[in-house]
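[1] Sequence and predicted structure, then a few things I'm wondering about:
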Amino acid sequence: MKAHPMVGDSLLAGLLAVFDLLIFVTRVQAENNAAPPPQPWFVTVPIILGVVVPLVFRRKYPVLAAYTTLFVGIPHSALELGLSSLFASCIMLYTLVAYVGRKPALLYALANAVISGIQIPLQYDSTEARVVPLIVVALLLGLCWALGEFVGARRAYQAEVEQRLALLEVERDHQARMAVAAERARIARELHDVVAHAVSVIVVQADGAAYAVHTQPELAERAVKTISSIGREALTELRRLLGVLRSEEAGGELTPQPGTQSLSELAERVRAVGLPVRLEIVGNVDDLPAGVGLGIYRIVQEALTNSLKHAGQGTKAVVRVERTGDRVDLDITDDGRQTAHSLVGVSGGNGLIGMRERALVFGGSLDAGPRPGGGWRVRARLPLATE
């Protein structure tokens, strides 16, 4: 019914119409032999329908439906065709209070009071007979007003909650985009340092080759080969750099960043702050491109930092770095309980967002999640660029 409110309103209108028609048929049968029916069918049925049909459209056109019911209800009550005009008017008052506002509802209630105050004395002779209908009408209208106030307040509260939830979702998405942008800017600055360092080495080697080209040709040849190797590596890093959104603040010293050679120092530092780490390196990872080495270092650093913060006391971690062919696989696991715990001593980035962005920069992938037997696992695969 909530998804299709007109269906429920149609059933309500149908019940009121059937109720009035049954009253009319009963009266006709009772007076069939004594006198002609008090009203013919072609008068009674349109009036009954005119009272109840607006109920179907009360949510879509509340004001029009309310006053249609009110004015058609005048002949309906005068001909004593049933109680559907009273019930329909009360439902319309509730609708105006809940869906439109207090001012239109107050005007409608006053119109009902005026019509009832004029019509009821005309229909009843004695004072006692007039008082009861007036009291019943006043009580029903008051009850419907109170019900409309309650439902209207709940609808307003629900609308406010939905609006706040929508704003929170927008804010969450905005924060996520900001985190991604900040991490990409950080990665871009680090790659900038790698490329700048390579260019500095090239300049030094080129100057040395220029001085030794005539007196020491072998030394000059080695310098040129070094320039070629470092230049190729710098081009690879530069291509990656162009794919990263970089902030305008490109600070940083022209020195190489940590790489796979620094993983042992990282493991020692993590052990010093309370997390036993076993480091396993399979294959030769010392000659990796500087950018790839930096990415490996940062992913391992971030994963161990998360273990320090969330795994709890007594946790052990295993870091496995394996180079196979043209890729490097990372596997960082811990056996923690994922409880709230925070230690200081290892710097980190933006959690899973940062690790995933670092893997994507090099065309790789990263998965993170709980282990079936307990603990947490981070797995990354970084392809190596070939020239």
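    Right, received. Where do you want to start? Numbers count the residues shown, from 1 in each chain.

[2] Tell me which stretches of this protein form helices.
    Ranges of helices in the chain, per DSSP state H, are 5-30, 41-52, 62-78, 84-95, 102-123, 127-212, 217-242, 263-272, 290-310, 351-361.

[3] What's the per-residue pLDDT of the closest residue to Val53 other than its chain neighbours here?
    Among residues not flanking Val53 along the chain, Ala13 sits closest, at 6.2 Å (C-beta to C-beta, 6 or more residues apart in numbering). Backbone N, C-alpha and C define where each C-beta goes, glycine included. Note on Ala13: pLDDT of 86.

[4] so Ala13 makes contact with Arg58?
    No: in terms of C-beta atoms under 8 Å, Ala13 does not count as a neighbour of Arg58; the distance is 9.2 Å.

[5] Looking at these two now, which is surrounded by more residues?
    Under the criterion of other C-beta atoms under 10 Å, the comparison of Ala13 against Arg58 puts Arg58 first, with 26 against 23.

[6] show me the contacts for the more buried one.
    Shown in contact with Arg58 (C-beta atoms under 8 Å, 6 or more residues apart in numbering): Asp9, Ala65, Ala66, Ile91, Met92, Thr95.

[7] 6 Å - rerun?
    Ala65, Thr95 (C-beta atoms under 6 Å, 6 or more residues apart in numbering).

[8] so how far is Gln158 from it?
    Separation of Arg58 from Gln158 (C-beta to C-beta, to the nearest Å) stands at 20 Å.

[9] What of Thr68?
    Distance, Thr68 to Gln158, by C-beta to C-beta: 29 Å.

[10] what's the neighbour count on the nearest residue to Leu275 once chain neighbours are set aside?
    Nearest residue to Leu275, sequence neighbours excluded (C-beta to C-beta, 6+ apart): Leu308, at 5.3 Å. Applying other C-beta under 10 Å, we find 24 residues neighbouring Leu308.

[11] so what's Leu308 scoring on pLDDT?
    At Leu308, pLDDT is 74.

[12] same check, this time on Tyr94
    Reported pLDDT for Tyr94: 91.

[13] Next up, the contacts around the closest residue to Met6 other than its chain neighbours.
    Using C-beta to C-beta, 6+ apart and skipping residues adjacent in sequence, the residue nearest Met6 is Val56, 6.0 Å away. By C-beta under 6 Å, 6+ apart, the contact list for Val56 reads Met6, Asp9, Ser10, Ala13.

[14] export the residues you listed to JSON lines and tack on distance to Gly208?
    Below are those laid out as JSON lines (distance: C-beta to C-beta, whole Å):
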{"residue": "Met6", "distance to Gly208": "87"}
{"residue": "Asp9", "distance to Gly208": "90"}
{"residue": "Ser10", "distance to Gly208": "92"}
{"residue": "Ala13", "distance to Gly208": "97"}
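
[15] What is the least confident helix or strand in this protein?
    The weakest-scoring helix or strand in the chain, judged by mean pLDDT, DSSP states H and E, is helix 217-242 (a mean of 75).

[16] Show me what that helix is packed up against.
    Where contact means 3 or more C-beta pairs under 6 Å, 6 or more residues apart in numbering; DSSP states H and E, helix 217-242 is packed against helix 127-212.

[17] again, only this time at 7 Å
    Helix 217-242 sits against helix 127-212, helix 290-310, with contacts defined as 3 or more C-beta pairs under 7 Å, 6 or more residues apart in numbering; DSSP states H and E.

[18] in the stretch 251-387 of the chain, which ranges drop under the pLDDT threshold?
    Applying pLDDT under 70 to the stretch 251-387 of the chain flags residues 251-257, 273, 311-312, 338-351, 385-387.

[19] Return the distance of stretch 40-58 from the chain's centre.
    Distance of stretch 40-58 from its chain centroid, counting by C-alpha atoms, centre = their mean, to the nearest Å, is 46 Å.
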